[in-house]
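> have a look at this prediction, sequence included:
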Amino acid sequence: MQERISPAKSISGSICLPGDKSISHRYAMIAAIAEGDTRIQNYSTGADCQSTLGALRGLGIGVEQQGTDVAIQGRGLEGLREPVGELDAGNSGSTIRMLAGILAAQPFRSGISGDESLVRRPMERIIRPLTEMGAVIRAREGRYPPLEIQGAKLRAIDYSLPVASAQVKTCVLFAGLFAEGETTVREPVRSRDHTEIALREFGAEVRVERRTIQLRGRPRLAGRELSVPSDLSSAAFFIAASLLAPDSDLVIRGVGLNPTRSTLLDFLVSQGANIRILEIAERQGELVGDIRIRSSRLSGGVIEKETTAALIDEIPVLAVLGAASDKGLTVKDAAELRIKETDRIATVVENLRRMGVAAEEGADGFFVPGGRLRAAKLDSFGDHRIAMAFSVAALCGDGESSIEGAEAAAVSFPEFFRILRQLRSGAG
Ligand code: S3P
């Protein structure tokens, strides 16, 4: 599907956005192995989180959905059933990597795979710790999906993550739920901590000291009522659009402001963005608030070291902001971008060049000079965040742009184009 986007004069209004993708996956998976019913409100509408629900159904879990309300009938740590066919994670790295931690502890064999993008994404990062814990995992070429996971009675481990990855951390912690004793995960840099927070909410004992997380195995997890904050990574596209369009004033309500995710706001404010937090409160261990964004001229900046990990999903849209900034944007230490849904260094640089920006590609990052964006024929390359980031770029082109493969946005944010049409007013 091709989407045509013309320049916008403003992005204004007051909106709530669909539920956070990371939190939705975690609530659903933990609910399945908790005892009793869990009700999740504002569950993510993205296809990725539907893949998680589909996989849980394949494991014998009762899941009912009414709009964004999801009810999950938890069956306890021993309650999953052997799946009849291969589980389908679709496009979702979170589903395959995090669920693998649970599958590794089952007394049966399960197969799990996904779409053409997912089967090219590396899995040795989860195979290594799960094998150390006692599972037997077969993968294509030893590292790619499909995965064949023969579950086992797992041993608790003390594991130092070789890469900064919240998915891998979660996978090991989920496996650790089934092992006797204490599982320890040590992170090279702090990654998003939704798993630690959610596990505590369901009743597990989790201790965190700096970058070390300890979990006591075999807790009694109890089903409960939960509500998911709006997704800050989805909000990022509207934050960026509001900053860029000249007469914007946008309020986003109920958005997740967990400090391991909100580096985005700090980074933008440090460049001159007019973003204010209007309200902030804690809900089920997560910070949630309302934010107001007004048009701003950004100075540009550098993303490197632990900031790269903290901003990893937002780098495509930050690159677009960089191209419209005074000094441009430099991104370093971002090799992980090459193994996301697409090689995001290549897909960002390609689309920026089509818009007339002389972006320079490096092995583990890129440089985007500040300046102007020209209207162009753009491509999502099948990647949801590329589709949305370059739709934002198109809002400040010098004419109408088109985005090929715009339907990819539905992986995390099916309502994106509808909300964009609702909030924008044209350049006139
Ligand atoms: C996620 C973690 C990040 C992120 C992904 C979602 C999560 O990946 O890029 O979109 O929910 O844990 P890594 O675990 O590879 O850093």
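That came in fine, so what should we check first?

> list the helices and strands the least confident helix or strand in the chain by mean pLDDT packs on?
Scoring the helices and strands of the chain by mean pLDDT, DSSP states H and E places strand 424-426 at the bottom, with a mean of 87. If contacts are counted by 3 or more Cβ pairs under 8 Å, 6 or more residues apart in numbering; DSSP states H and E, strand 424-426 sits against strand 8-16. All C-beta spots, glycine's among them, are computed from the backbone N, C-alpha and C.

> and the strand it packs on, what other elements does it pack with?
Here strand 8-16 touches helix 232-244, strand 249-256, helix 416-423, strand 424-426, going by 3+ Cβ pairs under 8 Å, 6+ apart.

> for the ligand, which of those is the nearest?
Using Cβ to the nearest ligand atom as the measure, helix 232-244 is the one of these that comes nearest the ligand, at 7.3 Å.

> the closest one to strand 249-256, inter-axis angle?
Relative orientation of helix 232-244 and strand 249-256, computed by axes from the mean of the first three to the mean of the last three Cα atoms, to 10 degrees: 170 degrees.

> chain center to helix 232-244: distance?
For helix 232-244, the distance from its own C-alpha centre to the chain's C-alpha centre is 15 Å (Cα atoms, centre = their mean, to the nearest Å).

> that one vs the ligand: in contact?
No: residues of helix 232-244 contacting the ligand under Cβ under 6 Å from any ligand atom: none, with a closest distance of 7.3 Å.

> and the angle for that helix with strand 8-16?
When the same axes, to 10 degrees is applied, the directions of helix 232-244 and strand 8-16 differ by 150 degrees.

> in the least confident helix or strand of the chain, what's buried?
Buried positions in strand 424-426, judged by neighbour count with 16 or more other Cβ atoms under 10 Å: R424.

> V392 belongs to a helix, doesn't it?
Yes: with DSSP: H, G, I helix; E, B strand; the rest coil as the criterion, V392 is part of a helix.

> in this structure it contacts A236, no?
No: here V392 does not reach A236: they are 9.1 Å apart, not a contact under Cβ atoms under 8 Å.

> touching both of the two, which residues are there?
Shared contacts of V392 and A236, defined by Cβ atoms under 8 Å, 6 or more residues apart in numbering, are found at V317.

> give me the number of residues near the residue nearest to R75 when sequence neighbours are not counted?
Of all residues not flanking R75 in the chain, I61 sits nearest, at 6.3 Å (Cβ to Cβ, 6 or more residues apart in numbering). I61 has 21 neighbours, counted by other Cβ atoms under 10 Å.

> please apply the same query to A100.
If we define neighbours as other Cβ under 10 Å, then A100 has 27 of them.

> averaged pLDDT, the helix or strand encompassing it. What do you get?
A100 is part of helix 93-103 when elements are defined by DSSP states H and E. Helix 93-103 carries an average pLDDT of 98.
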